[in-house]
Structures are given as C-alpha cells and as structure tokens.
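Peer 1: take this sequence and fold it.
(4 chains)
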2 protein chains.
Amino acid sequence: MTATTPQPPTKAQLLELVAALGTAQWQDFAAAAGRHGLTSVQAKLLAQLKGPVPMRGLATLLVCDASNVTGIVDRLEARGLVRREPDPADRRVKNVVATDEGRETIHRVRAEMQATHTALDALDEDERTTLYGLLERLRPGMEHRA
Amino acid sequence: MTATTPQPPTKAQLLELVAALGTAQWQDFAAAAGRHGLTSVQAKLLAQLKGPVPMRGLATLLVCDASNVTGIVDRLEARGLVRREPDPADRRVKNVVATDEGRETIHRVRAEMQATHTALDALDEDERTTLYGLLERLRPGMEHRA
DNA sequence: CATGGATGCTTGATGTGGTCAAGCAACTCG
DNA sequence: CGAGTTGCTTGACCACATCAAGCATCCATG
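Peer 2: Sure thing, here's the model as predicted:
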C-alpha cells in the first residue's frame, strides 16, 4: 500500500485534506484552551506574546480590526494572564505582555493538544523532515495575500 | 535538495507550520467567501451539502450545537442558497439541500482561493503525492478526539 | 514653533457565531 | 397506550467581528 500509486492526488483532494487537518488541529487547540477557561481566540492571542506587542501589532497578527483586540485583551487582563504597559517611546502605544500565569497557561494548552501530538508521532524523523520541507514550500505563497 | 538535512524539525516547529498553513488557507477561504457576501461559517456549511443533510448532521459535521445550525441555515435560506425540505421517512427531520445558486456560489468560492491554489502549484506531481501520503497518515490520529 | 494630517487605542452600535436550557413535535419501544 | 428519546426551534447570554467616531499623541512641513 506504499507508493505504487500512479495517480497523483487532485489539487482539490490535497486542498481538502489540508483543510481537514487544519480544522482538526484547531478543534484540538480550542478544546485544550477551553479546559483552561479560554476561548480559542484568546489562546491564539496569548500564543503570540513572546515579548511585548503593541495592540496594533496584535491586530495585524490576528488579521482583525484593532477595536476587536481591545476586548480580547480586556478579558485576558481581567484574568491576570496579560498586562498592558505603556510604551516608553510612544505614549499612544500600549504594549501587551503575558504575565507569568499567562505564559504558564498557554504552555499548558500547547502541551495538552494530545490529538495533534499523537498524530505527529505517526511519522518518523525522516518523514517529518520531508513533510516540513514540503510544507515550507507551500507557505510563502499563502502569505502574500492582498 | 533531498534529505541531506541532518536536523529533523522539532515537533513544535512542525506543529507551528501546520497551524500557520491552516490559518492561511482559512483566511483565503474566508476572504473568498466574503467576496460573495458569505461568512466563513456559512460557506463551510454550504461546502458540506453534496446531498441532503439533516440539521443534526450539519451540527455534527461543523462540531457545534444544533441550535447554532438553525440560525446559519436561516440566513443561507434567506439568501436562497439553501432549502429546507421535509424528510419523507421522519417528519421531525428537515433536510438541508443547496439550491443551484448555492452550489454555484460555493463552487466559485473554492475556485477563488487563489493564494491556496498558487501555493499548491509550487509542488510537482511527485511531491504532491508524497505530501498527500504523509498528511493522510496524520489524519486518523486527529479524528478520534473525544 | 505651530498646525494639519497620520497613527494608536477605545467606545458604541450592530450582526453573526457559540453555548445552554426549555419547549414542542414526532418517532420508538415496552 | 404511554414513557422516554430524538430533531428542531426559541430565547437568553456572551464572545468576536466589523464599522464609524472620538481622543490623545506623534510627526512633518511651513
């Protein structure tokens, strides 16, 4: 059942498969976030905070309106997972940083994505390298969206 | 450019890459749907309708509450993209079917996912076959989520 | 400088998507 | 027949998405 397949998959099939996987991983992420009382969007925002990020930057990263970020950060801040601090260089800007608890929480969420982790275990190192290489070639084209 | 890479990617890196690709594809899908006046969820529902599907089935497919489906189908029906028809075998059930316009619309949405299509063009047939095989091995583990 | 235009953030209005609890109609099975 | 189950809708409520408006601050140009 290995590659004796003379039939390469349709672009549509491949597309569908990528979509299914993306969805599955997203569900897994959302479920893990939910166990910690976070919505998936809140968790996604938290995941971006490796350092201080201005509100505007978060809007860009999340591909949404800036006014939207205000509310999400409000709720995260209310739970003490995130802090707004003034930017020393520009008083308009508020930089968002994860608190210790915030970092801890998002770390756990990632670790708890069991379905995704066990799925990846199905591949050995060579296969992962191959997959990584192929996926990386797909990425750039996805990004230059208008 | 075959496997002379001695460094296999971390699971975390691979995971992140899959997530990024899934997000990019989703954005592409949402944008295409938006151009036709549909939200991404509406388009996703429409994409499931290859035949008649009961409301309950849609809830399962979309992994959400049945009460949620009511509203989404309401809005699609108001635009004439979808119809509710009674199930001959069970009068409780309402089967949702896409209208001609609905099928046409979702078909166009798929076709307009330019970023995704051009990304896939970066791979030749062999690579697509390889990728498909690898991704398929990932899928089952993603699905048996509780 | 001074002032006009950009930029960063928040607020408010509005629509959609998500949950849950409750309700009704219809099926099923003892 | 009657009790329980299932399928769908409704209503209440919150999160998230957009847009338009507003305010503070920055910046560039005169």
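Peer 1: make sure A:E127 is actually in contact with B:L134.
Peer 2: Yes - counting by C-beta atoms under 8 Å, B:L134 is a contact partner of A:E127 at 6.0 Å. Every residue, glycine included, has its C-beta placed from N, CA and C.
Peer 1: the helix or strand hosting A:R108 packs against which elements?
Peer 2: Assessed by DSSP states H and E, A:R108 sits inside helix A:100-111. In terms of contacts (3 or more C-beta pairs under 8 Å, 6 or more residues apart in numbering or on different chains; DSSP states H and E), helix A:100-111 is packed against helix A:11-35, helix A:40-48.
Peer 1: relative to chain B, which of the ones you listed is closest?
Peer 2: Each of the helices and strands packed on helix A:100-111 has some distance to chain B by C-beta to the nearest C-beta; the shortest is helix A:11-35, at 2.5 Å.
Peer 1: name the SS class of the closest residue to A:P52 other than its chain neighbours, please.
Peer 2: Nearest non-adjacent residue to A:P52, counting by C-beta to C-beta, 6 or more residues apart in numbering or on different chains: A:N95, 3.7 Å away. Look at A:N95: counting by DSSP: H, G, I helix; E, B strand; the rest coil, its state is strand.
Peer 1: how close does A:N95 sit to A:D74?
Peer 2: The gap separating A:N95 from A:D74 is 15 Å, by C-beta to C-beta, to the nearest Å.
Peer 1: the more surrounded of those two?
Peer 2: More neighbours surround A:N95 than the other of A:N95 and A:D74, with 19 against 11 (other C-beta atoms under 10 Å in any protein chain shown).
Peer 1: give the contact list for that one.
Peer 2: Going by C-beta atoms under 8 Å, 6 or more residues apart in numbering or on different chains, A:N95 touches A:P52, A:V53, A:P54, A:R84, A:E85, A:P86, A:D87.
Peer 1: lovely, talk soon.
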